[in-house]
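**Student:** requesting a structural model of the entry that follows:
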Amino acid sequence: MTTWIIGLILAVGIGISLGLMGGGGSVLALPILVYVMGVEAKSAIAMTLVIVGTVSLIGVIPHWRRGNLNFKKAFMFGAATMLGAYFGAKLAFFVSGTVQLLLFAVMMIIAAGFMIRKSSKPTQPDNDLQYYPQPVCKYCWLWMLTEGLGVGVLTGLVGVGGGFAIVPALVLLGNTPMKEAVGTSLLIIACNSVAGFLGYFGQVPLDWGLMGSFIVAASVGIIVGAYLAQYVKAQQLQQAFGYFLIAVAAFILVQNRQVFTSGQNQTDSIRKPGVQIAYR
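**Tutor:** Purely as a prediction, here's the structure:
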């Protein structure tokens with residue numbers, strides 16, 4: 001019971017970070033499920049996709065009301081990412097859970113780098129990507145679809161939403177206004193999560209009660225975070241959160257250091273659906 005309470009408190013923290021900064025917090029769902037709740041890696045990734053997808057869909061609502069959604073670009077980019085997410089999930093069964101966690105840690109470090117770099121430089125309103133290199137390409141839409149496939153594969157493989165890559169792609173390659181790109185990216189992340197989850201569904205055991213509890217807790221946290229956002233500067237929080245992500249990624253790398261010391265991976269055995277998940 002104590003572990004369950006701690007996990008839900010951390011889930012509220014995920015929601016608060018999302019409400020304060022508009023993204024990033026959902027990346028913590030996987031390490032919480034694995035290292036706090038004791039869920040096996042592949043099951044945790046599948047559950048993370050449900051949590052991230054639901055929370056992202058909730059985040060779409062205010063953007064939709066403000067007219068900050070581009071359904072055409074969401075369909076074009078989202079079709080590529082959904083295809084990649086489904087095959088990424090299928091690819092996951094050819095690698096061990098340890099390898100998936102290591103890839104996840106690398107993605108956390110990359111996301112943290114984006115957050116720290118963004119927060120360390122002053123930006124003008126609606127121009128958060130002014131420090132990104134401008135694209136030099138004749139067929140930007142083709143590059144956007146290619147990136148969409150890549151982001152989708154990572155989503156299915158390690159459970160990350162990929163918002164830090166989707167937003168720049170929409171702005172720089174899709175010529176999308178920043179506010180519209182943020183709202184559209186949330187819709188794409190939600191669709192990616194559905195596609196990725198379908199790739200795992202029926203192949204790994206799932207704890208629906210735990211997923212539902214995390215979604216409710218994170219949703220409450222979003223409301224609290226959105227309220228606190230008017231009193232706290234998001235730029236300062238992003239930098240601190242970026243360094244926190246690096247610390248969590250380092251912890252994951254240390255926990256899975258046997259890959260580097262032994263030179264080989266222990267292939268995880270996939271339990272049959274319906275088997276009770278054991279918690280530490």
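
**Student:** which strands and helices sit next to the host helix or strand of Gln239?
**Tutor:** Per DSSP states H and E, Gln239 falls inside helix 234-255. Under the contact criterion of 3 or more C-beta pairs under 8 Å, 6 or more residues apart in numbering; DSSP states H and E, helix 234-255 touches helix 2-21, helix 29-35, helix 97-119. C-beta coordinates here come from the backbone N, C-alpha and C atoms, glycine included.

**Student:** for the protein, what are the low-confidence residue spans?
**Tutor:** For the chain, the stretches with pLDDT under 70 are 21-26, 119-141, 229, 233-236, 259-280.

**Student:** one step back: any idea of the angle the helix holding Gln239 forms with helix 97-119?
**Tutor:** Put simply, helix 234-255 runs at 160 degrees to helix 97-119, going by axes from the mean of the first three to the mean of the last three C-alpha atoms, to 10 degrees.

**Student:** now helix 234-255 and helix 2-21, what's the angle there?
**Tutor:** Here helix 234-255 runs at an angle of 140 degrees relative to helix 2-21 (the same axes, to 10 degrees).

**Student:** what about the helices and strands packed on helix 234-255, which gets the closest to Ala217?
**Tutor:** Of all these, it is helix 2-21 that lies closest to Ala217, at 3.7 Å by C-beta to C-beta.

**Student:** contacts for that closest one?
**Tutor:** Contact with helix 2-21 is made by 24-26, 28-29, 32-33, 36-38, 55, 59, 210, 213-214, 217-229, 232, 234, 237-238, 241, 279-280, as judged by C-beta atoms under 8 Å, 6 or more residues apart in numbering.

**Student:** which ones among those are found in helices?
**Tutor:** Secondary structure from DSSP state H places 29, 32-33, 55, 59, 210, 213-214, 217-228, 234, 237-238, 241 of those in helices.
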